[in-house]
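K.L.:
Provide a 3D model corresponding to the input given below.
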Amino acid sequence: MAWIYLALAGLFEVGWAVGLKYTHGFTRLVPSLLTGLSMAVSLGLLGLALKSLPLGTAYAVWTGIGTVGTALLGIALFGEPAAAARLACIGLIVSGIVGLKLLA
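P.N.:
Predicted coordinates:
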C-alpha cells in the first residue's frame, strides 16, 4: 500500500507543480486553491508512504515522479522543447525510479 501512496503523492506533486503555472503568482483564486490542496494531499500521501518505506528511496521516487510528470506536461501543455537529449534525460530519471523501486 505504501507504494500506491507514494505513486499518488508523486502525481499530486505533478499537479501542484503544473498548477503553479496557472496561479499567475497566486493572483488567481481557483488555481491557487487547487494548487494548495494538491500540495497538501501530496505531502500527506508522502507522509503515509514514509511509515514503511525508507526515507531516501521514497523521497527520490516522489521527486522523480514529480520531475518526469512536470517535464512531460511542460512539453504537452506549454510547448517546452522535446529535444532528443531532454527526453533521454527524462528516461534516465525514469530508470532511476524503477531501479529504486526494484532495490527497495
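K.L.:
what distance do you get for the spatially most central residue of the chain to residue 17?
P.N.:
Most central residue of the chain, judged by C-alpha distance to the mean C-alpha position with Cα atoms, centre = their mean, is residue 66 at 1.6 Å. In this structure, residue 66 and residue 17 are 6 Å apart, going by Cβ to Cβ, to the nearest Å. Bear in mind the C-beta positions are built from the backbone N, C-alpha and C, glycine included.
K.L.:
same question for residue 49.
P.N.:
Residue 49 sits 18 Å away from residue 17 when distances are taken as Cβ to Cβ.
K.L.:
who has more neighbours, those two?
P.N.:
Using other Cβ atoms under 10 Å, the more surrounded residue of residue 49 and residue 17 is residue 49, with 24 against 20.
K.L.:
wait, what's in contact with the more buried one?
P.N.:
By Cβ atoms under 8 Å, 6 or more residues apart in numbering, the contact set of residue 49 is 2-3, 5-6, 9, 58, 62.
K.L.:
ok, and the closest non-adjacent residue to residue 13?
P.N.:
Spatial nearest neighbour of residue 13, excluding adjacent residues (Cβ to Cβ, 6 or more residues apart in numbering): residue 66 at 3.5 Å.
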